[in-house]
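**Student:** Quick check, what structure comes out for this input:
(one chain, ligands or ions: 2)
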Amino acid sequence: MPEIDMMLCRSCGNEERASEGYPCDECGTFICLICEFRGITVCKACRQKKGLPEPENLPPLAPERPAPPSA
Ligand SMILES: [Zn+2]
Ligand SMILES: [Zn+2]
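**Tutor:** Numbering: from 1, shown residues only. Ligands and ions are numbered 1, 2, ... in the order given. Next comes the predicted model:
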């Protein structure tokens, strides 16, 4: 089974597939598809740098992925 290329979204902090993400408008770091879909196109660091508020529709940080049940 090929390993899925996961990256940490610099906007919401969730791990999402790198191949489905977008670069931050400002610095080009990884932004996940969910953020992009919600119209969030800059990462957290760039929001802070620009003095932008955290978006109200920022995807919630997912809890720790439950470990797959061991057979
Ligand atoms: Zn995100
Ligand atoms: Zn950025």
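**Student:** going forward, measure contacts between C-alpha atoms and count neighbours the same way
**Tutor:** Noted.
**Student:** Roughly how far does Gln48 sit from Gly39?
**Tutor:** 17 Å (C-alpha to C-alpha, to the nearest Å).
**Student:** Also Leu8?
**Tutor:** Applying C-alpha to C-alpha, the value for Leu8 to Gly39 is 18 Å.
**Student:** do Phe30 as well
**Tutor:** Separation of Phe30 from Gly39 (C-alpha to C-alpha) stands at 14 Å.
**Student:** more crowded one of these two?
**Tutor:** Phe30 (23 against 12; other C-alpha atoms under 10 Å).
**Student:** is it true that that one touches Arg17?
**Tutor:** No: counting by C-alpha atoms under 8 Å, Phe30 does not reach Arg17; the two are 10.0 Å apart.
**Student:** Mutual contacts of these two, please.
**Tutor:** Residues touching both Phe30 and Arg17 by C-alpha atoms under 8 Å, 6 or more residues apart in numbering: Met7.
**Student:** ok, the residue sitting nearest the centre point of the chain - contacts?
**Tutor:** Per C-alpha atoms, centre = their mean, the C-alpha nearest to the average position across the chain is that of Cys9, at 2.5 Å. Cys9 makes contact with 15-16, 30-32, 43, according to C-alpha under 8 Å, 6+ apart.
**Student:** what does Arg10 give?
**Tutor:** 29-31, 43-45.
**Student:** mind giving me JSON lines with the residues you listed and columns for distance to ligand 1, pLDDT and secondary structure?
**Tutor:** As requested, the contacts of Arg10 are arranged in JSON lines below (distance: C-alpha to the ion, whole Å; pLDDT from 0 to 100; DSSP: H, G, I helix; E, B strand; the rest coil):
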{"residue": "Thr29", "distance to ligand 1": "11", "pLDDT": "97", "secondary structure": "coil"}
{"residue": "Phe30", "distance to ligand 1": "8", "pLDDT": "97", "secondary structure": "strand"}
{"residue": "Ile31", "distance to ligand 1": "5", "pLDDT": "97", "secondary structure": "strand"}
{"residue": "Cys43", "distance to ligand 1": "8", "pLDDT": "97", "secondary structure": "coil"}
{"residue": "Lys44", "distance to ligand 1": "10", "pLDDT": "97", "secondary structure": "helix"}
{"residue": "Ala45", "distance to ligand 1": "13", "pLDDT": "98", "secondary structure": "helix"}
